[in-house]
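Asker: Need a 3D model of the sequence below.
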Amino acid sequence: MERFGVKSPPSRNRSKTALYVTPQDRVTEFGSELHEDGGKLFCTSCNVVLNHVRKSAINDHLKSKTHTKRKAEFEEQNIRKKQRTLTASLQCNSTAQTEKTSVIQDFVKMCLEANIPLEKADHPSVRAFLSRYVKNGSSIPKSDQLRKAYLPDGYDNENQLINTEDR
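Answerer: Residues are numbered from 1 along each chain as shown. From the prediction side, this is the model:
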């Protein structure tokens with residue numbers, strides 16, 4: 001066929017997926033109906049993950065009866081809850097989490113500097129005092145976890161301080 005200048009018809013097996021479309025592109029295209037988190041596209045009112053590559057899948061979902069029903073319920077509630085991925089939720093460090101770790105690290109440092117054994121933190125009266133008078137004091141773990149999780153950090157920090165002072 002090529003000898004006579006006739007071209008073969010184009011292949012019909014080509015995929016109709018948009019290769020370079022991101023979930024964020026679909027959010028800008030469809031507006032507040034959808035939101036993106038962690039590289040996934042979510043329907044805001046249904047809290048369902050959608051395929052961002054195929055526009056027809058998104059259109060089909062938005063025209064479905066379940067979506068229109070959930071959208072009406074969502075607008076009645078007037079609460080804007082957006083589903084997040086697990087990795088995004090775990091990466092979020094709140095101020096309470098950072099305060100908790102700083103309180104624990106300061107407690108371990110105080111015990112080390114005052115030569116107080118970490119086992120004293122397990123005593124019921126110490127526990128009661130910490131939970132009553134110290135902000136986030138009830139979040140201080142038992143002595144075995146203090147030794148395993150927080151003591152190496154304090155040890156490494158003190159070693160670094162000693163090494164920098166020697167130089």
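
Asker: On the three-state scheme, residue 42 is what?
Answerer: Residue 42 carries the three-state label strand when classified by DSSP: H, G, I helix; E, B strand; the rest coil.

Asker: what's the domain layout of the chain?
Answerer: 23-82, 95-150 (the TED database).

Asker: Ok, which of those comes nearest residue 164?
Answerer: Of all the domains of the chain, it is domain 95-150 that lies closest to residue 164, at 17.1 Å by CB to CB. C-beta coordinates here come from the backbone N, C-alpha and C atoms, glycine included.

Asker: just checking, what packs against the strand or helix carrying residue 106?
Answerer: Per DSSP states H and E: residue 106 is located in helix 95-113. In terms of contacts (3 or more CB pairs under 8 Å, 6 or more residues apart in numbering; DSSP states H and E), helix 95-113 is packed against helix 151-166.

Asker: on that earlier part again, and after the helix holding residue 106, which helix or strand comes next?
Answerer: Downstream of helix 95-113, the next assigned helix or strand under DSSP H and E is helix 124-133.

Asker: Can you list the neighbours in contact with stretch 107-123?
Answerer: Stretch 107-123 is contacted from outside by 126-127, 130, 140, 142-143, 146-147, 150-151, 154, 158, using CB atoms under 8 Å, 6 or more residues apart in numbering.

Asker: Stretch 67-75 now?
Answerer: 43-46, 61.

Asker: These into TSV, with extra columns for pLDDT and neighbour count?
Answerer: Shown next, in TSV, are these (pLDDT from 0 to 100; neighbours: other CB atoms under 10 Å):
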residue	pLDDT	neighbour count
43	88	21
44	84	20
45	83	22
46	83	20
61	89	17
